[in-house]
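Q: Below are the sequence and a predicted model; questions follow.
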Amino acid sequence: MSFPVFDLHCDTALGLLGKELCGGIELKSNDLHIDLDRAKTLPGYAQCFACFTTPFMEQWYKKSPVEIFEREMAMILHQMEKNPKMIRQVYSAEEVQKNQEKGIMSGILTIEGPAGFGFDPALLEDLQTIGFRMTTLGWNEMNVLTGSHKTGGGLTDQGREFVKEAQRVGMMVDVSHISDEGFWDIMDITEKPIVASHSNSRAVCDNSRNLTDDMFRAICQSGGVAGFNQCAPFVGEKPDLDTVCDHILHFLELDPEGEHIALGGDLDGCDELPEGFDGVQSYPAMAAKLLERGVDDTILRKIYWENALGVMEVCCT
Ligand SMILES: [Zn+2]
């Protein structure tokens with residue numbers, strides 16, 4: 001049994017950009033975690049491609065986050081345009097569904113870290129027009145919108161304005177990487193479902209990047225989803241597919257109908273993956289393991305496809 005895959009987060013844009021600087025690489029076929037040839041083996045595929053930026057990029061690459069943001073966006077749009085029979089950029093959940101029916105993959109632009117546009121809420125409307133459909137308030141840094149899971153500290157007034165404006169223009173607000181205080185500040189003001197695009201269960205793996213049970217319950221109450229992150233340090237010690245299942249099964253104890261669990265693999269954003277999960281092509285193996293551990297077909301289809309699609313439909317209109 002194999003299911004279409006809707007994945008809420010990857011860092012393939014930066015991955016491709018990094019490789020480009022060393023001589024060129026293609027989305028169609030590469031040695032990263034995600035390429036179109038491997039994704040094509042799935043019975044349907046929608047991928048959120050994050051344009052990731054942080055102020056740390058000045059130190060890391062000696063380039064401004066603004067330049068890197070623009071180059072990531074250009075890279076992913078260009079790569080989709082080069083492969084129109086395989087993948088198309090989409091702006092709505094309806095287009096994802098239509099592509100799926102036609103056997104075409106869908107690519108959705110998303111934002112991980114608003115450093116690339118100066119944390120400016122006034123720019124969200126233009127970014128929405130370009131096609132961005134989800135945004136975090138930051139990465140691991142403390143910034144003008146909020147503290148992160150590394151620094152602590154809640155939302156500033158500009159952070160509250162950012163959340164309101166993102167929801168007004170039709171972008172999903174993504175709480176992955178935020179501090180616990182910032183998470184609850186967002187929950188106090190949100191008017192739409194909240195997404196943790198790539199965050200696991202802190203009860204199963206105690207890491208500040210993961211969600212406490214109370215946080216996951218709050219996401220459920222908002223009507224949102226948490227996307228399962230394959231990055232090994234957030235899954236467990238020497239994790240394998242059973243460790244992956246432990247997270248999903250724990251979330252299912254809190255959400256027995258499986259309406260609020262999704263996928264957000266963080267592929268190409270992490271060095272180490274669980275044993276048995278090598279890239280986008282491994283989603284069927286993970287589904288087989290979940291079936292073996294007692295999760296039924298109906299719930300798996302929701303986790304793999306329907307839940308993320310539903311939240312996109314509600315938030316991005
Ligand atoms: Zn991330």
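A: Right, received. Where do you want to start?
Q: residue contacts, residue 86?
A: 28, 36, 40, 104, 105 (Cβ atoms under 8 Å, 6 or more residues apart in numbering). C-beta coordinates here come from the backbone N, C-alpha and C atoms, glycine included.
Q: for this protein, what spans make up the helices?
A: For the chain, the helices defined by DSSP state H occupy 12-20, 36-39, 57-61, 65-81, 93-102, 124-130, 157-169, 180-189, 213-222, 232-235, 241-254, 283-292, 297-301, 307-315.
Q: What average pLDDT does the first one get?
A: Averaged across helix 12-20, pLDDT comes to 84.
Q: follow-up on the earlier one: mark which of the contacts of residue 86 are buried, thanks.
A: Buried subset of these (neighbour count, 16 or more other Cβ atoms under 10 Å): 36, 104, 105.
Q: right, and the last one touches residue 36 too?
A: Yes - at 6.8 Å, residue 105 and residue 36 qualify as touching, with contact defined as Cβ atoms under 8 Å.
Q: what sits in contact with each of the two?
A: 86, 87.
Q: any idea of the mean pLDDT in stretch 68-79?
A: Here the average pLDDT along stretch 68-79 is 95.
Q: Counting neighbours, which bits of that stretch end up buried?
A: Applying a neighbour-count criterion of 16+ other Cβ under 10 Å, one finds 68, 69, 71, 72, 73, 75, 76, 77, 79 buried in stretch 68-79.
Q: and the gap between the last one and residue 44?
A: According to Cβ to Cβ, to the nearest Å, residue 79 stands 19 Å off from residue 44.
Q: for the first one, same thing?
A: Residue 68 sits 31 Å away from residue 44, taking Cβ to Cβ as the criterion.
Q: cool, and the fourth one?
A: Counting by Cβ to Cβ, the gap between residue 72 and residue 44 amounts to 25 Å.
Q: what does the fifth one give?
A: Per Cβ to Cβ, residue 73 is found 25 Å from residue 44.
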